[in-house]
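**Student:** everything below, folded, please.
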Amino acid sequence: MTATMSDWLHNLPVAWMALVVFGFTYLIAAAIHVTVIVLAHGERARSFKAVSPGMLPPLGIVFGLFVAFTAAQVWSDNDRASAAVSREASALRSVVILGGSFPGEPEARLRALVHRYVEEAAAQEWPMMARQTATRRATPSALAEALQLTLALTPGGQGQQTAQREIAAALENALDARRQRIIISGSQVNFVKWSCLYLQAICALVAIAMVHSDNRLASAITMGIFATGVAASVLLIAAHDRPFTGQISVGPEPLLQILPEAQTRQEGTDRTTSR
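**Tutor:** Residues are numbered from 1 along each chain as shown. Take a look at the predicted model:
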């Protein structure tokens with residue numbers, strides 16, 4: 001797949017993606033079926049029938065292994081993406097909670113910075129990760145300011161000293177989780193793997209067509225069944241190929257869940273300060 005074609009396919013809703021994948025696979029199967037039937041005359045027909053049906057199980061097994069290895073990469077990437085987002089959200093929630101150890105302006109400022117960071121991540125970074133253009137070169141200004149504010153605090157006791165260390169550690173953890181999700185956002189099944197997967201499927205389809213070249217109906221039915229399995233496997237992988245792209249993707253919901261909590265605590269702090 002070219003980059004443009006891949007972007008177009010991955011951004012389709014699952015139903016339309018299924019239509020494209022199944023249509024493309026059935027088109028290949030139909031072309032192979034027609035080609036073999038047209039060529040299956042005279043000496044070529046005898047040669048086609050000489051192809052051993054014993055080839056089909058090994059070809060199917062090799063295709064299954066290709067699918068399994070490719071799917072393993074996709075599941076791993078999605079699990080890592082979900083874990084990174086959850087870890088980032090957990091670290092930021094810890095900052096919001098521990099910020100209560102420094103009531104007044106420091107607490108309000110920390111909550112405001114976390115609130116700003118989450119909004120920027122959801123509104124700006126997620127679309128960039130979906131396009132695989134996100135970069136980890138620049139540190140988010142909101143988290144950088146929050147870390148600087150935390151380190152500049154003057155603890156008034158043992159409890160605040162512990163809270164300061166924990167807040168700083170949580171902010172560093174959030175930054176590391178952000179780096180991880182941006183790195184993972186660039187992962188996908190590459191062109192070579194897709195090519196080999198389809199090439200193996202084509203080899204199996206050709207072998208099926210040759211083995212059943214003397215019976216067009218049996219050939220069409222068998223190839224249709226195998227092509228359906230190929231298309232289902234490809235759809236399953238393609239729908240999950242990019243962890244942050246498409247209808248089935250890792251979203252910013254765990255981060256967005258922090259916003260009401262941060263806002264509620266912020267309002268409570270404002271009321272306490274006004275009194």
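
**Student:** secondary structure element for the residue lying closest to I28 once chain neighbours are set aside?
**Tutor:** Among residues not flanking I28 along the chain, I202 sits closest, at 6.5 Å (Cβ to Cβ, 6 or more residues apart in numbering). Where C-beta positions appear, they are placed from N, C-alpha and C, glycine not excepted. Assigned by DSSP states H and E, I202 belongs to helix 191-211.

**Student:** can I assume S249 is in contact with D241?
**Tutor:** No: with contact defined as Cβ atoms under 8 Å, S249 does not count as touching D241 (10.0 Å).

**Student:** so for these two, which sits in the more crowded spot?
**Tutor:** D241 (25 against 19; other Cβ atoms under 10 Å).

**Student:** contacting residues around the more buried one?
**Tutor:** Applying Cβ atoms under 8 Å, 6 or more residues apart in numbering to D241 gives the contacts H10, V74, Q188, V189.

**Student:** about what we covered before: elements contacting the next helix or strand after the helix holding I202?
**Tutor:** As assigned by DSSP H and E, the chain's next helix or strand after helix 191-211 is helix 216-240. On a contact count with 3 or more Cβ pairs under 8 Å, 6 or more residues apart in numbering; DSSP states H and E, helix 216-240 meets helix 14-39, helix 56-98, helix 191-211.

**Student:** try it again at 10 Å.
**Tutor:** helix 3-10, helix 14-39, helix 56-98, helix 191-211 (3 or more Cβ pairs under 10 Å, 6 or more residues apart in numbering; DSSP states H and E).

**Student:** of those, which is nearest M128?
**Tutor:** The closest of those to M128 is helix 3-10. By Cβ to Cβ, the value is 13.2 Å.

**Student:** now that closest one: average pLDDT?
**Tutor:** When pLDDT is averaged over helix 3-10, the result is 71.

**Student:** so where does the spatially most central residue of the chain fall, helix or strand?
**Tutor:** With distances taken as Cα atoms, centre = their mean, P243 lies nearest the centre of the chain, 1.0 Å away. For P243, there is no host helix or strand (DSSP H and E).

**Student:** next, it: phi, psi?
**Tutor:** P243 adopts backbone torsions of phi -60, psi -30, taken as degrees, to the nearest 10.

**Student:** how distant is stretch 25-40 from the center of its chain?
**Tutor:** Relative to the centre of its chain, stretch 25-40 is centred 34 Å away, using Cα atoms, centre = their mean, to the nearest Å.

**Student:** and it, average pLDDT?
**Tutor:** 94.

**Student:** format the CA atom coordinates belonging to that stretch as CSV.
**Tutor:** What follows is stretch 25-40 as a C-alpha-only set of coordinates in CSV (Å, rounded to 0.1, in the frame of the first residue of the first chain):
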residue,chain,number,x,y,z
THR,A,25,-10.1,-9.9,-2.4
TYR,A,26,-13.1,-11.3,-4.3
LEU,A,27,-11.9,-9.4,-7.4
ILE,A,28,-8.5,-11.1,-7.2
ALA,A,29,-10.1,-14.5,-6.7
ALA,A,30,-12.5,-14.0,-9.6
ALA,A,31,-9.6,-13.0,-11.9
ILE,A,32,-7.6,-16.1,-10.9
HIS,A,33,-10.7,-18.3,-11.4
VAL,A,34,-11.4,-16.9,-14.9
THR,A,35,-7.8,-17.0,-15.9
VAL,A,36,-7.3,-20.7,-14.9
ILE,A,37,-10.6,-21.7,-16.5
VAL,A,38,-9.7,-20.0,-19.8
LEU,A,39,-6.2,-21.6,-19.8
ALA,A,40,-7.5,-25.1,-18.8
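
**Student:** contacts only, for F66.
**Tutor:** K193, C196, L197, Y198, L199, Q200, A201, S233 (Cβ atoms under 10 Å, 6 or more residues apart in numbering).

**Student:** wait, doesn't the last one sit right on A71?
**Tutor:** Yes: the pair formed by S233 and A71 meets the contact definition of Cβ atoms under 10 Å, at 7.9 Å.

**Student:** more neighbours: those two, which one.
**Tutor:** Neighbour totals were compared for S233 and A71, and S233 leads with 21 against 15 (other Cβ under 10 Å).

**Student:** nearest spatial neighbour of the more buried one, skipping sequence neighbours?
**Tutor:** Here the residue nearest S233, using Cβ to Cβ, 6+ apart, is V67, at 4.6 Å.
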